[in-house]
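# Next input, structure requested:
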Amino acid sequence: MISFSSILYIAEWIVCLVALFVVVHNRRPTAALAWLAVIFFQPWVGLVLYLLIGRHRLPRRRTRQYRRLIRRLEHLKKQFDGHPHVIHPELGPQCKTAITLAARYGSMPILDGNSITLISDTNHVIQRLIADIEQAKQHVHMLFFIFRNDDTGLMIANALKQAAQRGVKCRLLLDAVGSWGTLRSIGDDLRKAGVEVYDTLPVGFLRRRASRIDLRNHRKIVVIDGMTAYTGSQNIVDDNYGYKDLVWYDLTARLNGPIVQELQTVFLEDWHFRTDRLLDEPGIFPPPEPSGTVPAQVLPSGPDDPIESYQRLVVAVLYSARERVVITTPYFVPDEPFLQAMQVVAQRDIVVNLIVPVKTDHPLIDMAGQAYFEELLEAGVRIFTYENGLLHAKTITVDDSIAFLGSSNFDIRSFSLNFEINLLLYGTEATQNLRERQMEYLHNSRAIDRSQWKKRGSFKRLGHDIAKLFSPLL
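Okay, the predicted model is just below:
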């Protein structure tokens with residue numbers, strides 16, 4: 001008779017052998033090796049972790065559903081073709097690469113005639129947003145990763161309830177994990193007031209529409225009456241996120257002009273994906289009117305993509321740099337192509353500045369990112385740590401030509417696992433405007449000295465090396 005220990009031993013080997021085939025398929029070698037190391041070292045722990053957070057794409061059923069949705073809504077992305085008030089500008093060769101790739105990956109064209117206000121104060125964003133909600137006449141569409149039941153969340157919730165009571169269609173999409181507490185605490189109260197509230201990518205073993213816990217909708221989008229929009233890094237939460245000794249510093253763009261309708265399209269896709277309802281009521285897409293002089297483009301990305309579109313776009317734009325690159329991100333865990341691009345650009349004697357917080361709310365991610373500092377510093381990349389709090393703005397500027405801001409961190413998770421939204425801005429006006437904000441961050445940062453960094457203690461170096469091993473999984 002076979003003993004229980006023998007059965008367990010055989011089962012562990014079966015888990016390991018199956019993992020050789022499953023984990024390696026369509027995965028980078030570094031990530032595959034990391035997962036195999038965990039599974040071979042602790043088969044049962046590794047199996048549970050892989051089932052929870054190991055898949056780097058949506059399940060096939062949801063992928064097919066999402067692709068059918070995109071095909072069904074393809075006409076929304078063609079609404080700008082031939083419209084007399086929509087201008088597709090011709091910019092220089094440096095911008096052309098970004099414009100072409102973004103249009104190919106996200107099916108969103110470049111649109112001129114936009115006005116953009118960058119707001120870096122959390123409370124100012126909330127006040128401005130509430131004022132716009134109070135002026136709404138037809139609809140308010142909101143999509144957020146985090147919506148907390150705190151002072152900030154309650155102010156926005158009250159504004160939505162009052163708007164709904166005036167007859168404004170208020171629709172709210174919240175990530176099922178990031179906003180779990182709010183969905184449970186005030187979700188029903190919002191629905192009773194007439195606000196339509198849904199969780200995106202719900203999780204659970206028994207739910208038909210369940211998703212994996214690690215594949216999240218990380219987007220931040222507000223569209224009001226199809227005329228005004230917000231996007232960027234800020235969630236609906238107090239600026240300390242509940243921490244007593246840490247303040248988040250975000251960056252949000254308030255937008256008017258044709259670009260608003262691209263953000264509206266992304267919201268409608270996510271709304272349809274969650275509810276199976278296509279919003280086609282009058283006023284969803286009002287006639288686009290020029291409002292400024294900034295050319296802009298929207299790039300949605302996510303695990304439904306067969307390729308990591310935002311990562312490829314960023315890498316291509318980095319290689320186009322001629323003078324200066326500035327990157328800000330709270331969570332920095334580069335994959336190999338992004339890391340190499342930063343190194344190569346710096347070795348071409350182009351100024352490359354990376355600004356990260358001195359600490360975040362995820363110490364393991366901090367350590368994994370710091371593990372790459374030495375080789376970046378050796379290549380000539382200048383690294384700065386923001387001292388005033390948790391710098392949460394996710395931005396990049398290249399020369400005086402191209403600027404990005406949005407929800408995507410410069411890490412493997414944002415490149416591969418999360419649904420993200422990023423705004424691409426072109427031309428001197430927009431790029432210099434964003435760089436002014438980046439220079440404010442730089443003014444409140446401390447440069448990391450290469451020689452001093454190399455002298456860091458052996459214990460800290462070991463911690464960085466161990467965390468780096470897990471970077472493909474973070």
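# Can you pull out the low-pLDDT segments for the stretch 151-300 of the chain?
204-213 (pLDDT under 70).
# quick one: the nearest residue to residue 405 once chain neighbours are set aside from residue 179, how far?
Distances taken as CB to CB, 6 or more residues apart in numbering place residue 395 nearest to residue 405, at 4.6 Å, with adjacent residues excluded. Where C-beta positions appear, they are placed from N, C-alpha and C, glycine not excepted. Distance, residue 395 to residue 179, by CB to CB, to the nearest Å: 24 Å.
# Residue 416 now?
22 Å.
# Looking at these two, which has the bigger crowd around it?
Neighbour totals were compared for residue 416 and residue 179, and residue 179 leads with 27 against 22 (other CB atoms under 10 Å).
# who's in contact with that one?
144, 145, 146, 147, 148, 199 (CB atoms under 8 Å, 6 or more residues apart in numbering).
# What residues are bridge-paired with the fourth one?
Residue 147 has the following beta-bridge partners by DSSP bridges: residue 236.
# from what I can see, residue 395 looks like it's in a strand, true?
Yes: looking at residue 395 with DSSP: H, G, I helix; E, B strand; the rest coil, it is inside a strand.
# where does it land on pLDDT?
Per-residue confidence (pLDDT) for residue 395: 98.
# try residue 362
For residue 362, the model assigns a pLDDT of 87.
# which residues of the stretch 351-474 of the chain fall in strands?
Taking DSSP state E, counting those that start in this stretch as the criterion, the stretch 351-474 of the chain contains strands spanning 351-357, 382-386, 390-391, 394-398, 402-406, 410-411, 420-426, 445-447.
# For the fifth one, which strands pair with it and how are they oriented?
Based on DSSP bridges, the strands next to strand 402-406 in the sheet, each with its direction, are strand 394-398 (antiparallel), strand 420-426 (antiparallel).
# cool, the first one as well?
Here strand 351-357 has these sheet partners by DSSP bridges: strand 324-328 (parallel), strand 382-386 (parallel).
# One more: the last one?
Neighbouring strands of strand 445-447 in its sheet, by DSSP bridges, are strand 382-386 (antiparallel).
# buried set for the strand it pairs with?
Buried residues in strand 382-386, counted by 16 or more other CB atoms under 10 Å: 382, 383, 384, 385, 386.
# Give the bridge partners for the fourth one, please.
Per DSSP bridges, the residues bridged to residue 385 are residue 356, residue 446.
# wait, what's in contact with it?
Residue 385 touches 355, 356, 357, 358, 445, 446, 448, counting by CB under 8 Å, 6+ apart.
# Buried ones among those residues?
Here, 16+ other CB under 10 Å leaves 355, 356, 357, 445, 448 buried among these.
# Quick check: closest non-adjacent residue to the fourth one.
Distances taken as CB to CB, 6+ apart place residue 384 nearest to residue 445, at 3.8 Å, with adjacent residues excluded.
# Tell me who's in contact with residue 92.
Contacts of residue 92 by CB under 8 Å, 6+ apart are residue 401.
# And the pLDDT for it?
81.
# what's the distance between it and residue 345?
Look at residue 92 and residue 345: by CB to CB, they are 19 Å apart.
# and if you look at residue 270?
34 Å.
# Same check on residue 357?
23 Å.
# Kindly report the same for residue 290.
Using CB to CB, we find residue 290 at a distance of 35 Å from residue 345.
# The two: who's more crowded?
Taking residue 290 and residue 345 together and counting by other CB under 10 Å, residue 345 has the greater number of neighbours (24 against 16).
# who's in contact with the more buried one?
Residues in contact with residue 345 (CB under 8 Å, 6+ apart) are 318, 319, 321, 325, 352.
# Also residue 240?
By CB under 8 Å, 6+ apart, residue 240 lies in contact with 246, 247, 248.
# What of residue 408?
Applying CB under 8 Å, 6+ apart, we find residue 408 in contact with 218, 301, 310, 394, 414, 415, 418, 420, 421, 422.
# And residue 351, by the same measure?
323, 324, 325, 382.
# again, only this time at 10 Å
Contacts of residue 351 were listed using CB atoms under 10 Å, 6 or more residues apart in numbering, and they are 321, 323, 324, 325, 326, 345, 380, 381, 382.
# what's the neighbour count on the first one?
It refers to residue 321. 21.
# How much space separates it from residue 141?
36 Å.
# Residue 415 is in contact with residue 332, isn't it?
No: taking contacts as CB atoms under 10 Å, residue 415 lies outside contact range of residue 332: 11.9 Å.
# what touches both of these two?
The contact sets of residue 415 and residue 332 overlap at 338, 409 (CB under 10 Å, 6+ apart).
# my read: residue 121 touches residue 248, true?
No: judged on CB under 10 Å, residue 121 makes no contact with residue 248 at a distance of 11.3 Å.
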